[in-house]
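>>> The following block contains a protein sequence and its predicted model.
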Amino acid sequence: MSDASLHSPAQESEASFGDYFALLKPRVMSLVVFTAMVGLLAAPGGVHPFVAFCAILFIAVGGGASGALNMWYDSDIDQIMSRTKSRPIPSGKVSRDEAFAFGMTLSVFAVVMLGLATNLVAAGLLAFTIFFYVVIYTMWLKRWTPQNIVIGGAAGAFPPMIGWAVVTGGVSVESVLMFTLIFMWTPPHFWALCLFMKSDYKDAGVPMLHVTNGRASTRNHILIYTLILAVVALGIAFTSIGGPIYLTVAVVLNALFVAGAVAIWRRSDAQCEADNHKREKSFFGLSLLYLFLHFGAILAEAALAPYGFGGWS
């Protein structure tokens with residue numbers, strides 16, 4: 001699709017800093033930064049504070065670059081969906097070519113600089129994350145299979161592994177578990193959002209689970225993934241990055257999350273429509289806190305460990 005079909009000449013204007021910043025998907029980037037920072041700080045050993053700052057900065061830039069390339073490729077469907085039509089490309093503030101050049105430049109910069117500042121393992125993981133999100137998820141899975149968000153969710157799960165690799169130069173059970181926590185959290189989080197959204201994805205021809213399999217099947221999938229997620233989340237408590245603080249947080253949050261998933265599973269489409277998807281919206285809101293509080297608990301364990309309060313020791 002050409003730029004001309006995405007916006008009219010009346011919309012042409014010089015892009016501002018804010019427009020380019022919006023291409024980076026700052027809300028998504030904030031999650032990338034936070035989970036990468038937790039992975040870095042929870043890792044055994046340590047790095048110089050300046051190196052840590054640079055590492056998080058380059059990981060954030062790499063995550064933002066992925067967002068820009070995602071918007072470049074998805075600009076045709078972004079102009080159809082109500083929640084995305086005000087993005088920089090469909091609104092005519094940034095052209096597709098500009099977004100592509102911006103995303104590619106930042107991708108190369110972020111990977112090269114992370115490699116120079118830290119190590120090749122961390123840089124390799126960042127490069128693979130960008131590739132996975134842009135090529136595997138955006139270009140392939142998103143428009144091809146209703147399991148798109150399941151497999152594609154891996155892209156958002158890599159940041160804590162990258163942060164861990166910055167310090168250790170490798171991968172461990174703990175970093176894989178942090179990856180798995182985000183990976184298993186992504187489907188119920190996103191499917192809950194899909195349940196109370198309008199027909200955006202159907203209109204855009206994107207085969208999300210609720211479009212292809214129906215809302216009842218989506219509610220079943222939310223429950224299954226939430227139960228598996230609870231096992232992963234509780235398991236982390238008994239590793240080197242866990243401890244009594246994390247265990248307490250995990251038990252409370254997963255009890256609430258499972259209860260919420262069961263409540264959604266028991267509902268019919270008619271019940272959902274009758275109360276304007278109240279429970280689904282509540283579950284989605286809880287899912288936003290869920291990941292933040294789990295990683296916050298891991299961070300608390302790491303911060304208190306030097307004083308003899310964190311972990312099981």
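Cool, got the structure. Numbering: from 1, shown residues only.

>>> what residues are up against residue 219?
Contact criterion Cβ atoms under 8 Å, 6 or more residues apart in numbering gives 195, 264, 265, 267 as the residues in contact with residue 219. Yep, even glycine has a C-beta here, placed from its N, CA and C like the rest.

>>> Check residue 77 too.
Residues near residue 77 by Cβ under 8 Å, 6+ apart: 84, 204, 205, 206.

>>> thinking again about what came up before, which of the contacts of residue 219 fall within helices?
Cross-referencing the contacts of residue 219 against helices under DSSP state H gives 195, 264, 265.

>>> Drop anything exposed from these.
Among the ones in helices among the contacts of residue 219, the ones that count as buried by 16 or more other Cβ atoms under 10 Å are 195, 264.

>>> In JSON lines, list the ones in helices among the contacts of residue 219 along with distance to residue 120.
Formatted as JSON lines, the ones in helices among the contacts of residue 219 follow (distance: Cβ to Cβ, whole Å):
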{"residue": "195", "distance to residue 120": "42"}
{"residue": "264", "distance to residue 120": "44"}
{"residue": "265", "distance to residue 120": "45"}
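
>>> Residue 98 is in contact with residue 71, correct?
No. Proximity of residue 71 to residue 98 does not meet the contact threshold set by Cβ atoms under 8 Å, at 10.9 Å.

>>> Quick check: which element contains the closest residue in space to residue 261 that isn't next to it in sequence?
Distances taken as Cβ to Cβ, 6 or more residues apart in numbering put residue 226 closest to residue 261, at 3.9 Å, once the chain neighbours are dropped. Counting by DSSP states H and E, the element that carries residue 226 is helix 215-236.

>>> same deal with residue 291?
helix 278-304.

>>> so how far is that helix off the chain centroid?
13 Å (Cα atoms, centre = their mean, to the nearest Å).

>>> That one: which residues count as buried?
With the criterion 16+ other Cβ under 10 Å, helix 278-304 contains buried residues 279-280, 283-284, 286-287, 290-291, 293-302.

>>> Looking at residue 71 and residue 98, which is more packed in?
Using other Cβ atoms under 10 Å, the more surrounded residue of residue 71 and residue 98 is residue 71, with 26 against 19.

>>> Which of the contacts of residue 77 sits closest to residue 153?
The shortest gap between residue 153 and any of those belongs to residue 206, at 15.3 Å (Cβ to Cβ).

>>> Name the SS class of that closest one, please.
At residue 206 the chain is in coil, as set by DSSP: H, G, I helix; E, B strand; the rest coil.

>>> List the residues that contact it.
77, 142, 143, 148.

>>> okay, those residues in a markdown table with pLDDT, distance to residue 169 and secondary structure next?
As requested, those are arranged in a markdown table below (pLDDT from 0 to 100; distance: Cβ to Cβ, whole Å; DSSP: H, G, I helix; E, B strand; the rest coil):
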| residue | pLDDT | distance to residue 169 | secondary structure |
| --- | --- | --- | --- |
| 77 | 85 | 40 | helix |
| 142 | 82 | 33 | coil |
| 143 | 83 | 37 | coil |
| 148 | 80 | 33 | helix |
